[in-house]
Every structure is written in structure tokens, then in C-alpha cells.
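K.L.:
sequence first, then the predicted structure, then my questions.
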Amino acid sequence: MSGTWQAGDMPLVGKTASGARLAPGLHFIATPIGAARDITLRALDLLAQADMLAAEDTRSLRHLMDIHGVALNGRHIVAYHDQNGDFARPKIMSALEQGQSVVYASEAGTPLVADPGYQLGHAAIDAGYPVYAAPGPSAVLAALTVSGLPSDRFMFAGFPPRTMQARQNWFSEMSSIQATLIFYESPKRLKDTLADMAAAFGTDRRAVVCRELTKKFEEVLRGPLHDLAQALEDRTIKGEIVVLVDRAEKIAVTEADLDAMLRHRLEDLSLKDASAEVAKELGLKKRDVYQRALALSKGA
């Protein structure tokens, strides 16, 4: 994707960069995932000029502003997170109603990616207020960049379920997806997650574990899922974790192979269940496999 860089294209009221007032609306800004200098110049401008500041973690944002010399100038940072969204959201919506500019920053990375900002953005859009994004750091894209896995198609799946059974079922549903899979995970659950991934995706499926990206103890481990699970078995894991899993290999299957698999499944399963199982195993569309199974059941 290409484009032309242009100076001063943020939505401003007034023509001067110094002291210019931001256009009314909700402005989402990406913040560093580690190195403080990864903040963008535009994000610093937005922080300096907004009427109201909101953050998932007010202390983190205040510290970031102090590092870069951005003054609060009497403004208060409104805390907005999963636990207080219902309480804090009306305050922010009121500011938008009054024609103010509001900047929201997640604790680290891009807002709305595994972040409570989604509900805020959704509410602002539903109410008809402008919503803007100042792009920047993202753990998802940083991990994809250093992983060495295919980047032409990828899926961010967020955090896996916490319980083993739910996690195994969840991974099983993704096993045939033709895209690089990206997950966030807690260091406490990483070992169990890798084991469940190996069971669902196959022990030889390529994967990458990224830990503490852009921070002092950054680490990137690459290899088959089984090897990664073994390499981390006796280690104490700390820090922010991103796990990436290579896309499923396409299975070359002939029509004769498909028919044989369907006939075998139809001996014990319903038309719907047999089709679903075969489609999942081969990575084919359920509708296409069902139509073939229906034809077989009619003697075609």
C-alpha cells in the first residue's frame, strides 16, 4: 500500500500548528508498546491540543507525556477501562456533545485491538460524532514483521480462552484457516497454550513466540510448535507475549478422495455432520462439501 506523506493533515480548527485547536470529535492515538520514542509526532500534537484526554491507564499516559514534555495545562485525564466504561463513557460523550475534541489512548499499542476503546468508538459513531485515528505502534504488526511468517493474509484472534477444553475447541476451529494466526497470551498460560496449539494445529506447524517487543529483554523464538513448547518447558516466562502460527497447508484432494471420505463418514453420521467433519479436515467450504454429500446420498 503506497501513499504520499503530507504535513499538517490532522483535523485542526485554525491554520497554525502552534496552539491550534483540534476539530471536535473522538481521536484515537496509538502509544508505544515499549520504547517511548516510538510515539508519533502527530500523536504528541494531539495530546497537546485536545480539550479532553482519556486513557486506559492514566498513569501510563501521564508518564508518556512527561517523557516528551507535553503539558497537561490544567486538563484532567479521564480513566476509561473495562471496569468503569459504563461510568466514564457518559462523561466523554458529554464532552463530544459540547463540541470538544477528545483524545483516547490505550495502555500500549493501537486502541481497540484487545482494548476497551471499542465500546467508546461504537458509542461515538452511533451518536454521529466524528472518529479519527492517529496510527502508530501495534504489537500485532510488530510481531508479524519480525516473525518471518506469511504476511499477505493474517488473522488477529486476540486472547485464547482460559480453560483447557474451551481453548482446545477454539484452536481446533481455526486449524484449517489459510492465514497466519496471531494471538496475545499471558505468560502464565503460554506453556499450556503452546501444548494445545500443537495438538490442534499439528506438532510440526511453524510458529513464533514474541516476548517484550521493543523492550530491553525482547526475544523472538521461531520453530515448530512442539519444539517451542519444549524450549520453554523449564523456563519462567515474563512479559508481554504475542504468538503467531503459520497458515494451514492446503490439502490436495481429488473428487474420488472426497467421495470416499464422505461415504465413510455417512456410515455413522448424518448428512450435515459428515459434511462438516470432512470440510473441516480438508479445509473446504461446508456448503460445497454438503452439496457433494447430498448428491452421493441420492446415488449420484
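P.N.:
That came through fine. Numbering: from 1, shown residues only.
K.L.:
in the chain, which spans are helices?
P.N.:
With helices called from DSSP state H, the chain shows them at 41-49, 58-67, 85-97, 117-126, 139-147, 164-174, 190-201, 225-231, 255-266, 271-282, 286-297.
K.L.:
in TSV: those, plus mean pLDDT and distance to residue 212.
P.N.:
Where C-beta positions appear, they are placed from N, C-alpha and C, glycine not excepted. Converted to TSV, those look like this (pLDDT from 0 to 100; distance: least, Cβ to Cβ, whole Å):
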stretch	mean pLDDT	distance to residue 212
helix 41-49	96	22
helix 58-67	97	16
helix 85-97	95	28
helix 117-126	95	23
helix 139-147	97	10
helix 164-174	93	23
helix 190-201	95	13
helix 225-231	96	16
helix 255-266	86	45
helix 271-282	84	36
helix 286-297	86	40
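K.L.:
and stretch 76-84, which residues are buried?
P.N.:
Neighbour counts over stretch 76-84 (16 or more other Cβ atoms under 10 Å) mark 77-81 as buried.
K.L.:
tabulate these (JSON lines), appending pLDDT and distance to residue 95.
P.N.:
As requested, the buried residues of stretch 76-84 are exported to JSON lines (pLDDT from 0 to 100; distance: Cβ to Cβ, whole Å):
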{"residue": "77", "pLDDT": "97", "distance to residue 95": "13"}
{"residue": "78", "pLDDT": "97", "distance to residue 95": "9"}
{"residue": "79", "pLDDT": "96", "distance to residue 95": "14"}
{"residue": "80", "pLDDT": "95", "distance to residue 95": "12"}
{"residue": "81", "pLDDT": "93", "distance to residue 95": "18"}
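K.L.:
among these, which are in strands?
P.N.:
77-79 (DSSP state E).
K.L.:
so residue 96 makes contact with residue 27?
P.N.:
No. Applying Cβ atoms under 8 Å, one finds residue 96 not in contact with residue 27, separated by 10.8 Å.
K.L.:
okay, and the common contacts of these two?
P.N.:
By the contact definition Cβ atoms under 8 Å, 6 or more residues apart in numbering, residue 96 and residue 27 are jointly contacted by residue 102.
K.L.:
neighbour count winner among the two?
P.N.:
Higher neighbour count among residue 96 and residue 27: residue 27, with 27 against 23, using other Cβ atoms under 10 Å.
K.L.:
looks like the more buried one contacts residue 105 (just checking).
P.N.:
No. Assessed by Cβ under 8 Å, residue 27 is found out of contact with residue 105, at 9.5 Å.
K.L.:
what's the separation between the closest residue to residue 294 other than its chain neighbours and residue 176?
P.N.:
Excluding the flanking residues, the one nearest residue 294 by Cβ to Cβ, 6 or more residues apart in numbering is residue 271, at 6.5 Å. Distance of residue 271 to residue 176, computed by Cβ to Cβ, to the nearest Å: 20 Å.
K.L.:
circling back to that earlier point, what about the residue nearest to residue 294, neighbour count?
P.N.:
Neighbours of residue 271 (other Cβ under 10 Å): 15.
K.L.:
residues contacting it?
P.N.:
Counted by Cβ under 8 Å, 6+ apart, residue 271 has contacts 290, 293-294, 297.
K.L.:
try 7 Å this time
P.N.:
293-294, 297 (Cβ atoms under 7 Å, 6 or more residues apart in numbering).
K.L.:
filter the residues you listed to the buried ones?
P.N.:
Buried members of those, counted by 16+ other Cβ under 10 Å: residue 293.
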